[in-house]
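In: What would the 3D arrangement of this be:
(3 chains)
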Amino acid sequence: MGTRSKLGSTAICTLLVLCVSVFAQETHVGNLVGNAKRGKALYTRYCIFCHGPYGDGRGESAPYLDPKPRDFTKAVFKCRSTPSGSLPLDSDLFDTISRGIHASGMPSWKPLLRQERVDLIAYIKTFSSAFQEEKPGPAVEIPPESPSNPESIQRGEQLFQSMNCWSCHGKDGRGNGPSAATLTDSKGYPITPFDFTSGSRFKCGETDRDMFRDLVTGLDGTPMPSFGSAMTADQRWDVVHYIRSLSNHKMHAKVKIEPVGQ
Amino acid sequence: MKLQSSFVAAGILAALMVSVGPLSGWAPADAPSSVKGTVKFDGAPPKPSRIDMSQDPLCAKAHSTPATTEDFVVGADSGFANVVVYVSDGLTNHNFQPPAQPAVLEQKGCQYKPHVLALQAGQKLDVVNSDETTHNIHPNPNNNREWNMTQPHGMPMEQAFAREEVAIPVKCNVHPWMKGYIAVLKHPYFAVTDKSGNFEIKDLPPGTYTITAWQEKMPPQSQKITVGTGEAKTLDFTFKQ
Amino acid sequence: MTMRWSRWNRLRWLAFGLLLANIQQAYGIPAFARKYGLPCSACHEGWPMLNNFGQHFKDNGYQLGNERDAPIYQDPSYWPIMFRTTPIWHRENNNRQIIDATPGSSNNGHVEASVTTSGFDLHGLDVITAGTLYKNISFFIQPFIGSSDINLAQSWVRLDNLAGSSWLNVKMGKFELDEPISQERSLTLNNTGAAYYTYFYTPPGDTNAFVGIGFPQLGVELSGHNDATRYSVAVVTDSNGGTGLPTNQAYDVYANFNQSFEVPWFGRQQLGAYGLFGRSPTYFQTNNGIPIPGTGQGNRSFYRVGAYGHWFVKQFDFYTFFMHGYDNVFLGNSVPANQPSLLPLGAVAPTFNGGFVEAHYNPNTRLIFLARYELDRMSRQANPSIPTNAGNLDTWTVGYRWYPIMSPRAGLAWLQEYSRISNAGAAPLSGKDDFHNSYLMGFDFDF
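Out: I've put the predicted structure just below:
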């Protein structure tokens, strides 16, 4: 009686534990844990008209919006700290919701409680099975910034040329490069490259560190690629310095977001 | 008593592993069968147009005569090139191991070589930039993870696609004329037609299969075929406008 | 002396009735939903009541701050004007109303009787256009078309985020003061319970030109906010929002400050304090004994101060509000300041205390329940002839609003409300407590 049945149940239990630990992926931001059920009520209140009841970006208002609301069912996100092709970290989604996306219909949801934002993220992740099947890649390491001096800016300009940034962003960074008119996002909607001279705020954060990170991660779902392996860290800082030099405007941050970290 | 019980435990675990492992239940046939044939295009195909690469001098200088679009490549004898022919039904639900040899997608003369690449799910994909200019390789899948990487000349890049998808469009945002396709199959029974429209699917175990021909512009066509042990069957497809 | 008090009392309640008739109705602004594609529920707990996101949107000058706020980003088919009206059925009852003993004849004297009226009704039409004239320049215009007149309820321009700071915003025009809980956005519409009485409270015998913080005022306001803190300071002319300079060189200052903080599990809590300090004229220059408007003289001071809180327990939230009021002795006794001999014996400056508790239950975006209890108590009457409990009132209100559709283009609410007020000793003949109650049901629609 005892030994064989005990072993059988031990084996089954072990397998179950292995299965559960792979699939139990909670949402954590700081010391807050997200609750998808609460998140659903919040989504219905705040998000449903743009992002749609199925999270596919086809809300009632979506036909009138440009750029279109994010389709969560694809699990492809622009603003991340993970490599291109990877899922975002929970903190990436939290930062995006808190900051909003400039020059788009996505407002800053900072007036919501932090717990509410974490609950929303937990619910958003239920729209795609990718969040159950995969784990996000490792967060990009951002080394200390190299000094911003004319030499760095000049090196950045040369990289801007050799890395073919100009073909989309234009020779002066105005977003009017020869390929600009042909660009579409991954859904096929026309998309314009960023105009660095406009003094406008960058969509995924406006500090130099954010720009460095964007160069490594690329903006998934858009034509902006990852330069992770294509340049060294110093080269990336040079490009950041050059891009900053293209605009005379001071970029005012209306909504100061402290990155949450993991 | 204790030793016995640990053997039993090992045995249970081993049995569990074997039942889901990739190696059991699919022994290659002693005398493999094959399916070969030709894909033709019936009628006058649209003429390929010239590609203006003047935007990037490094691309333009790679072509003494201007390059042409590759979405409709029909040979002299109406052979339809760049058609993916693959088994779409009839294989048992089996975990096929991808080959160790990577598939290679080359960016040469600012075009994708091959224009249509077929590989297995999980198989390594080596992306090579043979051009002096910097490319940006951006597949846009529906059933796989989307990624988008910059690749200067000579930088190595290795990727893979986890799930079957026929086919994933690939573009380069820097060079808007660059278009290619990657067909990902979860088994090794596929081929891409050559310039004369010929294909051969080798080492097929005997059975009844549905073979599908996919071309980037035409609706796909399927045909059923039964292959006996050691048989080499012929199957042709004809596309028309 | 009793006669004098009761005459003032009747006049006061007549004024109150006029006030209630002119209270601007509550509103939500679908034009904003149309502009940004957001549902009404994004900014409103249950419109018209704002939630924290909506409050920030309003504090920011009706801007989301995502660089799509300027009018140039509006969809060409966007209709920036909002219409609102409320077709209802309601029933009013006054249990001790003074009527002729024989209808049509004044020969048989008066009696007190319970009078009930009911029927279908309409509250008039609100037309509102609001939003941005330009980035960081916002505006609000609200004509109200009533049954017999049209008046401009609000009309103001605001320069937002001066010097790039959310702490500096300047508004000028006719605007609603930054009250702890907005009168304009009250969830109730019925005749008895539409107003927060404490906002409009005037002691018996008092004819202060400033009727209450609940009316839109004419002036200028400096305000600012960050994520958790809000302040506003307004200087208004002491005419209760009346245009044409009806008083004269009399100004009131209103200040409000609140701070919110997050309590784990419970939600956001907010604590605040406010004060209104003003001066009102006590007499006017006259011509042949008739007062000349705009020539107010003998300004005397008054104030309204207090504290409040907005508390959340998950989907329940409630307001607690307290006010202490004081009117100068001349204002309190309606005596010109240049004739102190007219002050009755034992005249003093009247003071009162009042407040309310209002609770909401908001189980989902389509339903909100409310209950309110409000009371006002005179702590010191203006002169000994006024009964101690004169002017004291208690009101109860319960109701709910159901929103059958939630759309980014328009709003519809079905509502039912019941309110009851008891005025101490206000029955005109018997001097007993006087009760009014109102029951209302109907639609509130907002396009």
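
In: residue contacts, the closest residue to chain B within chain C?
Out: As assessed by C-beta to the nearest C-beta, chain B sits closest to residue C:67 within chain C, at 24.4 Å. For the C-beta atoms, the positions are set from N, CA and C on the backbone; glycine is no exception. For residue C:67, the contacting residues are A:102-103, A:200-201, by C-beta atoms under 8 Å, 6 or more residues apart in numbering or on different chains.

In: need those in CSV with pLDDT, secondary structure and neighbour count, can you?
Out: Compiled in CSV, the contacts of residue C:67 are given as follows (pLDDT from 0 to 100; DSSP: H, G, I helix; E, B strand; the rest coil; neighbours: other C-beta atoms under 10 Å in any protein chain shown):
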residue, pLDDT, secondary structure, neighbour count
A:102, 89, coil, 20
A:103, 87, coil, 18
A:200, 78, coil, 16
A:201, 84, coil, 20
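
In: Looking at those residues, point me to the pair that's furthest apart.
Out: Longest distance between any two of the contacts of residue C:67 is 7.9 Å, between A:103 and A:201; criterion C-beta to C-beta.

In: Could you state which residue of chain A sits nearest its centroid?
Out: Residue closest to the mean C-alpha point of chain A, counted by C-alpha atoms, centre = their mean, is residue A:79 at 1.6 Å.

In: That one: what's it in contact with?
Out: Contacts of residue A:79 by C-beta under 8 Å, 6+ apart are A:88, A:92, A:95-96, A:101, A:203-205, A:214, A:219.

In: of those, list those near chain C.
Out: Restricting these to those touching chain C (C-beta under 8 Å from any C-beta of the partner chain) yields residue A:101.

In: which of the contacts of residue A:79 lies closest to chain B?
Out: Closest to chain B, out of all of the contacts of residue A:79 and judged by C-beta to the nearest C-beta, is residue A:219, at 8.0 Å.

In: And the residue of chain C closest to chain B, how close does it get to residue C:249?
Out: Per C-beta to C-beta, to the nearest Å, residue C:67 is found 44 Å from residue C:249.

In: do residue C:369 as well
Out: Counting by C-beta to C-beta, the gap from residue C:369 to residue C:249 is 47 Å.

In: For burial, what's the neighbour tally of the closest residue to residue A:176 other than its chain neighbours?
Out: Among residues not flanking residue A:176 along the chain, residue A:170 sits closest, at 4.3 Å (C-beta to C-beta, 6 or more residues apart in numbering or on different chains). Residue A:170 has 20 neighbours, counted by other C-beta atoms under 10 Å in any protein chain shown.

In: residue contacts, the residue nearest the centre of chain C?
Out: Residue closest to the mean C-alpha point of chain C, counted by C-alpha atoms, centre = their mean, is residue C:214 at 2.9 Å. Contacts of residue C:214 were listed using C-beta under 8 Å, 6+ apart, and they are C:23, C:179, C:183, C:195-196, C:199-200.

In: 10 Å - rerun?
Out: C:19, C:23-24, C:176-177, C:179, C:182-184, C:186, C:195-201 (C-beta atoms under 10 Å, 6 or more residues apart in numbering or on different chains).

In: cool, residue C:430 as well?
Out: Here residue C:430 is in contact with C:96, C:111-112 (C-beta under 10 Å, 6+ apart).

In: Repeat that for residue C:88.
Out: By C-beta under 10 Å, 6+ apart, the neighbours of residue C:88 are C:119-123, C:189-190, C:415-417, C:440-444.

In: Show the buried residues in the residues you listed.
Out: C:121, C:123, C:189-190, C:415, C:417, C:440, C:442, C:444 (16 or more other C-beta atoms under 10 Å in any protein chain shown).

In: Could you pull out the helices in the stretch 101-250 of chain C for me?
Out: Here the stretch 101-250 of chain C has its helices, by DSSP state H, counting those that start in this stretch, at C:197-200.

In: Walking through chain A, point out its helices one by one.
Out: A:2-23, A:36-46, A:48-51, A:90-99, A:114-124, A:130-133, A:150-162, A:166-169, A:208-217, A:233-245 (DSSP state H).

In: Helix, strand, or coil at the residue of chain B found nearest chain A?
Out: Closest contact between chain B and chain A, by C-beta to the nearest C-beta, is at residue B:147 (3.1 Å). At residue B:147 the chain is in coil, as set by DSSP: H, G, I helix; E, B strand; the rest coil.

In: Ok, residue C:330 next?
Out: helix.

In: and what of residue C:307?
Out: strand.

In: need the contact list for residue B:160.
Out: B:98, B:102-103, B:119-125, B:144-145, B:184.

In: Next up, phi/psi of it, please.
Out: phi -160, psi 150 (degrees, to the nearest 10).

In: and it, what pLDDT?
Out: Each residue has a pLDDT score; the one for residue B:160 is 94.

In: do the same with residue A:211
Out: 93.

In: thinking again about what came up before, compare neighbour counts for residue C:369 and residue C:249 and give me the winner.
Out: Ranked by neighbour count (other C-beta under 10 Å), residue C:369 and residue C:249 place residue C:369 first, with 17 against 14.

In: Test my guess that the more buried one contacts residue C:358.
Out: No. Counting by C-beta atoms under 10 Å, residue C:369 does not reach residue C:358; the two are 11.2 Å apart.

In: Residue C:442 contacts residue C:120, doesn't it?
Out: Yes. If you go by C-beta under 10 Å, residue C:442 and residue C:120 touch, sitting 8.2 Å apart.

In: any common contacting residues for the two?
Out: Jointly contacting residue C:442 and residue C:120 under the rule C-beta under 10 Å, 6+ apart are C:87-90.

In: Could you find the closest non-adjacent residue to the residue of chain B found nearest chain C?
Out: Using C-beta to the nearest C-beta, the closest approach of chain B to chain C is made by residue B:173 at 24.4 Å. Nearest non-adjacent residue to residue B:173, counting by C-beta to C-beta, 6+ apart: residue A:223, 3.7 Å away.

In: Tell me which residues touch that neighbour, please.
Out: With C-beta under 10 Å, 6+ apart, residue A:223 has these contacts: A:168, A:179-180, A:182-186, A:191, A:193, B:136, B:138, B:148, B:171-174, B:176.

In: give the contact list for the closest residue to chain B within chain A.
Out: Nearest residue of chain A to chain B (C-beta to the nearest C-beta) works out as residue A:85 at 3.1 Å. By C-beta under 10 Å, 6+ apart, residue A:85 lies in contact with A:76, A:134, A:137, A:217-218, A:220, A:226, B:139, B:144-149, B:159.

In: Thanks a lot, catch you later.
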